[in-house]
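Trainee: my questions are about this predicted structure, shown below with the sequence.
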Amino acid sequence: MTPTFAASLAECDLETEVASDYKGYRFGRDDPVVQLALRALERTGHDIRLETTGGAADANVFNERGLQCLNLANGMAEIHTPDEHIAVGDLEAMVEVTLAIIDAAYA
């Protein structure tokens, strides 16, 4: 249901403004930034699944400014809710992935 449709059901007016706060981005499996992440994830023993997602993150801003950047899933649960959390083990695993990315970048 669109906001304007819902407003019409409630017999009220709705004004909306659409603004672009960020640009989307897409990389292919063979792009260097993806290959770098794949090498790091393989070195740290993670199962790898490439996904297309929506939404926005700092990566959108970095990519818009010419710095190729990916979002990597990190085990967060109940994201963007008051109950958002991550297990200590998942945080530790992402430290290992981060270090492996640095190593792979300088290899």
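Mentor: Thanks, I have the structure now.
Trainee: report pLDDT for V61.
Mentor: Reported pLDDT at V61 in the predicted model: 93.
Trainee: isn't it up against Y25?
Mentor: No. Checked against C-beta atoms under 8 Å, the pair V61 and Y25 is beyond contact range at 10.1 Å. Heads up, the C-betas are built off the backbone N, CA and C, glycines and all.
Trainee: how about low-confidence regions in this structure?
Mentor: 1-3 (pLDDT under 70).
Trainee: how near is the residue sitting nearest the centre point of the chain to S8?
Mentor: Nearest residue to the geometric centre of the chain (C-alpha atoms, centre = their mean): N71, 3.7 Å. Per C-beta to C-beta, to the nearest Å, N71 is found 37 Å from S8.
Trainee: and T44, by the same measure?
Mentor: The value you get for T44 to S8, if C-beta to C-beta is used, is 52 Å.
Trainee: longest helix in this protein, please.
Mentor: Counting residues, the longest helix found in the chain (DSSP state H) is helix 88-105.
Trainee: ok, and what's touching it?
Mentor: Outside helix 88-105, the residues within contact range by C-beta atoms under 8 Å, 6 or more residues apart in numbering are L36, A37, R39, A40, L41, R43, T44, H46, L72, N74, G75, M76.
Trainee: quick check: the gap between the fourth one and I101.
Mentor: Pointing back at A40 there. A40 is 4 Å from I101, where distance means C-beta to C-beta.
Trainee: for the third one, same thing?
Mentor: According to C-beta to C-beta, R39 and I101 sit 8 Å apart.
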